[in-house]
Structure formats: structure tokens, C-alpha cells
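*Asks:* Build me a model:
(2 chains)
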Amino acid sequence: MEQTIVAIDQLVKRYREKLAVDHFSMKVMEGEILGLLGPNGSGKTTTINCLLSLLKFDKGEITVFGKPMSPEAYDLKGQIGVVPQNVAVIQTLTVAENIDFFCGLYIKDRKTRKQYVEEAIRMTGLEEYRKYYPKKLSGGLIRRLNIACGIAHKPKLIIFDEPTVAVDPQSRNAILEGIREMNRQGATIIYTSHYMEEVEELCTRIIIMDRGRNVAEGTTAQLKASLRNRETIRMEMVTCTDEMLADLKEINHVYEVKVDGECLMIRCDGGTHNLVHIMGYFAEKNIPFGRVVTELPTLNDVFLEITGKELRD
Amino acid sequence: MFCHVFVYRIKELLRNPWHLAWNLLFPIGLATAFFFGFGNLIKEDPELFTAIPVGYVKEADQPFDEVMTSLSEDKKDPILKVSRYSGEEQAKKALRAGKVRGYYIQKGDTISVVVGRNGITSTTLHQILKEYENQKKVLETIGAKHPEKIAAAVETIQSRQNFLHPHVFNQYTSVYMNYFFSLIAMASLYGSWLSTTMLSGISANMTERGKRYESAPIRKMTSLSAGLAATMLLQGVFNGILVLYIQYVLQLHFGVPLWQVLVVTTVGGAMGIAIGIFIGALVKKKGLQMALTLGVSMVSSFLSGLMWGEIRQIIESRIPVVNRLNPAAMLTGCLYNLGNYGMTKNFYRDLYSMILMTLGLLLVSVAVLRRRNYDSL
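*Replies:* Residues are numbered from 1 along each chain as shown, chains lettered A, B, ... in the order given. The predicted structure is shown next:
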């Protein structure tokens, strides 16, 4: 039976009048990669800081590995790794020293620590840079160092707080692959991001946060299945008539047709050959059209449907 | 864990170019500038008490010869450095050549002193002679009227001499050395920058790495004590280098054994660290922390005489409480008293005040910093 690694129950955190986390609850099961998705300011980082007992909270309960989390819960803290949103390394220590320093806060045995530091350097691809100071590293490399410092002690639970902000695509892919590898080795992962593509690609389960609340939860497929929209077809059009729009709405599974600039947007709530049927209509009526794009629903659509606004707003 | 954090704190701070520049190189640079400004005034200070080179021309055996011998034979602190000449011409020649500041010449029972110029040296030479003649006259009178009491009179004179030495004064240091004492005080208070940097690295409400640090299973007291030990050691070493530089490179002497100066400056460094911890514990904003540490350092140093040597004495005579509370004035006063008067009551008052201030600030800071989670980050 899967063990519950983290349980947050009815968490409330206020900053004076502002409600940052509003009765938020979640569970993280052993071995999963849980994505905490939400726009900037939705309460993801505040939740993580409460989970780490860095922040006081007003209400709620937090347990980690089945025990209540507190600032003095050193046994629990020893099993958690943190990769904070902003780079958290020491500028006057080299790459290897930074990793050794932070690893040493968890691992007392010098021999074991040395081995762990080497493994972290290898895993993050920093072998060539071990004697470099952080200021000499590129943005991508410094992010990798930030990760290495958080994971070197082989924690059972790793929290990544937006680790790919301002990272080039190549480094981003390396980081995501590294996270998968850590998960394969047994680590449970909490991954916060406002990049829906990343979360969709990486996470086994997703919680969507907005204004401090848990607004949706499930696997990517489950979240998308909750949408009416299953496919969006966009067509470049020269002219659109009301008759044509009415005809298109009659096609099976089409539930919304609207003109968006020079583009016609058709939304379907299911079916398998919607594009074929729509193209058939245009061929039959001999109506000219330009480029055609078909899009499957994204997490942004889920977010849009639940909150009425775009994830990137 | 303590050692792990301690070693890395040393590495971290020692490689920080900002700290090296302000905590080590700037005070050395300023000491050098002071030296070029008034170093010679210190070395050639007429007020500075050193053995006075004096000539002695004697034509017959007289008790004054013994006086000359006794005043120059003390190996540690001789009052006179006596050169004996067989004739006055030789002594005049030596005076003109600057080899002696004056000479005593004895013709029969009469002893006179010839000096090159007036000043504290000539006064001292005259005073020695005057004292000798007074005592000689007293003993002669007693010997003539009450010869049986001559032994008791000699004993009384000796006991009066003993009475004049209840306190052993140190070698007098120039008043200009006060600028260097204030400079050392300023350098010690710059230690507050080391401790605010150290503190920011272990506090989640100050930096991102503080968040990472406080997420780790390490007790706050371990972090603090290792950080304090590292910063105090570093500031102690920086102060030590500055003191050695002043003593051996600039050749300006503190007037006491070096280890005593180092003990005092180490306490001063610890006080600077404690002030930084206190400011860091109460103020979260880095800019404000910086402004406060700089403000405290500069204002305290100014009031201790960094820019205007007499200001500490003026404050002492008008509002002495300021000197009792000003950390830089405490350290400056400690070094001044030590160099001039030795371990006097005032020296211990300033030393204990520094220790008390350090401990008090650390206790308050630890009480504030003990909390492990925050209302906001």
C-alpha cells in the first residue's frame, strides 16, 4: 500500500489582510511526482514554505512521513531536499564546496558525504565545473548547482520550487530528465511551476492552485477529461457568414463556433474524426480557407474553465 | 556539525573580496595614510619619554656619580643614558653634534647642567639636579646637627622614593597614537559586517540560501555559535595583522607588550561582531542593516577621536556617559590607558564594559534569533 508522504489539511496562511493560502489541502503519495500548478501569486511558494516550517501559518495541519512537521522536527527535515525558486548558493565557495557544505548539514560521515557529493556532481553534469565559482557559471549551470545542493544528501522527499525559471531549453530538459531519474531512484517529488507544459510532461499527478485554493486535482488525463472541450480547430478564413456558422454548429460534437479575428475557432466536445467532418463541409460548399490547426486541450484550458482566466494572466 | 559550519564560514568570509577590502586592507591603508600624515610627529614626539642622552663631566669623585649610575643602570626603563667625558670641550662637542641633550658638569662641590634647548628634557635634567641638591643639603644639615639620626634620614628619603612608585607607569605613548587606537576601534567595529553577512546566510527571512539552510536539520544555536566563532576568529586575525603592521612595519609602538594589545583588540573585535549580530537580529532589510552598521562604526569612531584627536577628552570632561556607551571610545580608552598608565582602574572599566556589551548584545540577539519560523519571508 502506498504511503502518504505529505498531508496538508485545511492550511490557512494570511499576510495581514491578504489571504495567501485559503483552506488548502493536499496529499502526496510515495513515489509520485506531484505538480503544484498555478499562476504567480497563487500561493505555491507560501504553501511550500509552510510545509518546510519556515513560515508560521494560521490554521491547518501538516504531516510529513506521518509525523507533524515543526521547526524542530530535525528527523523529518533530514529526509527532505529543497531546491528553492531563486538560486541559493554561496558565491565564495566553489561548485564542489557548495554541494559539500549543504550536504554536510545532513550527512555527518565524511566518507559517505564525499561519495554523495560526487554522485550529485555527476547527476547534474557539473563534473567539469567542480572548481568553478558560481559567478563563472552560466544561468543553466548555476541552476544545476542549485539543484545539486538540494539533492546531494539523497532525500526521500524533494521539493522543487520553480527550478526552471529563466533556464534555456537545453538545461531545462536536462533538469527535467534529472528529476525523472531521482524519481526512478525512489524519491517522491513535489514540483511547483507556472509552466503548464512542464508539469504536464513531468508530473504523475497535478494540483491546480489559484488564490491559495486547491481548485482541481488529478492526473493530466483526469483533469482534461473534466473539460467539455476535447479538441479546438482553428481555420484561417477570408469570409464567414452567419449561415456558415450555423451550419457548422450542426456538425456532430461541435458545440462552439466563433470568429476570432481572421480565424474561425471551432470547439468539439468529443468524437474522433471532427476535422474530417468539418473539412467535408467546406469542400461540399466550396468555401475557400487557409491554414488549419487542430489543438488538443491543455492544462491552460482546464485552468481557464475552472477560474475563468488564463494560467499566464 | 559545528566544525563543518565553522570551517565553511571561514572559507566563505575569507574569500569575500568586499570583507577583505573593508575589514583588512582599508584599515591598513588608513594606518599608512595616518603614518604619512603624522608618523614622524609620533616618532620624534618631544613628549615621548625615552632615556635622555646626557653627558657627565666629572673632575672629582662625588655622590652625584652614583646618582648618574643609578638613573642609567635600570635595564628596562632607564631615565638617563649617560656618556662620561673627561673634559667640558668633549661634552660641548657632543651637545652640538646632538649626541646628548645636555650635560652635567661638576667643578668641586658645584654641579651645573648645560642644555641645548628648553623643553621637557631640560626640565627633567634640572629637576634631577635640584632633587639631588635638596637631599644632599638635608643630609648635610642632619649630619651636622644630629649625626645619630643620619641613618634614619637616609631611610626616610629612600622610603619617600618608594612612596613615589606605588604604580608602575608604562612607557609613555604619543598623543598622536590616539588616532591609531581609534583606527583599530573602527576596524573592530567593521567586524559587524562580517557578522551580518554570516547571519544572512543562516536566516530564512534574509536570503534564499538562508531558506535552504534553515530547511536543513541543524540547530540554530549550532549555526550561530559556529558562525560567531568563525567571525570572531577572522576579525581577531584582521585586528592582529593591523596591530603588527603598525608596530613592525610603521614602527609605531603601543608602549606595552604586544600580547596585551592583541588581547584588547580581540575583545574589541568580538564587540564589533556582537554589534553586527544585534543589528542583523533586529533589522531584516539588507540596505538598512548596512546603513546601521556603517553609521554605528563611523559615528563611534569619530567620537573616539578618529578625525579629531581631542574629542574623546572633551566628551570625557563634559558628557562622560557618551564615552561609557561608545564602543569605539571604550576600545580607544583601553589602549590609551594601557599604553600610558598600564592596567589601571580605567583600563579595567573599559575592558569590562566591552566584555559586558558583547555578552549583552549576544544574549539579546540569541533570544531574538532562536525562533525558527517566520511570519513572512
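*Asks:* Quick one: end-to-end distance for stretch A:53-61.
*Replies:* 11 Å (C-alpha to C-alpha, to the nearest Å).
*Asks:* Please enumerate residues in contact with it?
*Replies:* A:7-14, A:21, A:23-24, A:46, A:49-50, A:62, A:68-71, A:73, A:77, B:204, B:211, B:214-215, B:372-377 (C-beta atoms under 8 Å, 6 or more residues apart in numbering or on different chains). (Glycine included, C-beta is placed from N, CA and C.)
*Asks:* Equivalent analysis for stretch A:95-115, please.
*Replies:* A:78, A:89-90, A:93, A:116-117, A:120-121, A:126, A:129-134, A:137, A:145, A:148-150, A:152-153, A:155, B:1, B:4-5, B:8, B:11, B:212-213, B:216-218.
*Asks:* just to revisit the earlier point, which among the contacts of stretch A:53-61 end up buried?
*Replies:* A:7-8, A:11-13, A:21, A:24, A:46, A:49-50, A:62, A:69, A:71, A:73, A:77, B:204, B:211, B:214-215, B:373-374, B:377 (16 or more other C-beta atoms under 10 Å in any protein chain shown).
*Asks:* Would you mind listing what in chain A touches chain B?
*Replies:* A:15, A:49, A:52-56, A:71-72, A:74-75, A:77-78, A:80, A:82, A:84-90, A:92-93, A:97, A:101-102, A:104-106, A:108, A:149-150 (C-beta under 8 Å from any C-beta of the partner chain).
*Asks:* Okay, strands next: where are they in the stretch 51-200 of chain A?
*Replies:* For the stretch 51-200 of chain A, strands defined by DSSP state E, counting those that start in this stretch occupy the ranges A:59-64, A:67-68, A:80-83, A:157-161, A:188-193.
*Asks:* Show me which positions of the fourth one end up buried.
*Replies:* So that's strand A:157-161. A:157-161.
*Asks:* hey, where'd the helices end up in chain A?
*Replies:* For chain A, applying DSSP state H gives helices covering A:44-51, A:74-77, A:95-104, A:110-123, A:139-151, A:169-184, A:196-202, A:220-225, A:242-249, A:274-285, A:299-307.
*Asks:* what about the third one, distance to the chain center?
*Replies:* This points to helix A:95-104. 27 Å (C-alpha atoms, centre = their mean, to the nearest Å).
*Asks:* Dump it to PDB, restricted to CA.
*Replies:* Below are the C-alpha coordinates for helix A:95-104, written out as PDB (Å, rounded to 0.1, in the frame of the first residue of the first chain):
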ATOM      1  CA  VAL A  95      30.800  24.200  -7.000                       C
ATOM      2  CA  ALA A  96      32.100  21.200  -5.100                       C
ATOM      3  CA  GLU A  97      32.400  23.100  -1.900                       C
ATOM      4  CA  ASN A  98      28.800  24.400  -2.200                       C
ATOM      5  CA  ILE A  99      27.500  20.900  -2.600                       C
ATOM      6  CA  ASP A 100      29.700  19.600   0.200                       C
ATOM      7  CA  PHE A 101      28.600  22.300   2.500                       C
ATOM      8  CA  PHE A 102      24.900  21.800   2.100                       C
ATOM      9  CA  CYS A 103      25.200  18.000   2.000                       C
ATOM     10  CA  GLY A 104      27.200  18.200   5.200                       C
END
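*Asks:* The contacts of stretch A:95-115, buried ones only, as a ChimeraX selection?
*Replies:* Selection of buried members from the contacts of stretch A:95-115 for ChimeraX, criterion 16+ other C-beta under 10 Å:
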select /A:78,89,90,93,116,117,120,121,126,129,132,133,134,137,145,148,149,150,152,153,155 /B:1,4,5,8,11,212,213,216,217,218
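*Asks:* in the chain, what spans have low per-residue confidence?
*Replies:* As the question left the chain open, I've gone with chain A. Along chain A, segments meeting pLDDT under 70 span A:1, A:310-313.
*Asks:* ah, no, chain B please
*Replies:* Ranges of chain B meeting pLDDT under 70: B:39, B:41-49, B:60, B:74-77, B:119-120, B:157-174, B:371-372.
*Asks:* Confirm for me that B:Ile184 is in contact with B:Cys334.
*Replies:* No. B:Ile184 is beyond contact range of B:Cys334, at 10.0 Å (criterion: C-beta atoms under 8 Å).
*Asks:* Next, show the common contact partners of the two.
*Replies:* Joint contacts of B:Ile184 and B:Cys334 (C-beta under 8 Å, 6+ apart) are B:Gly268.
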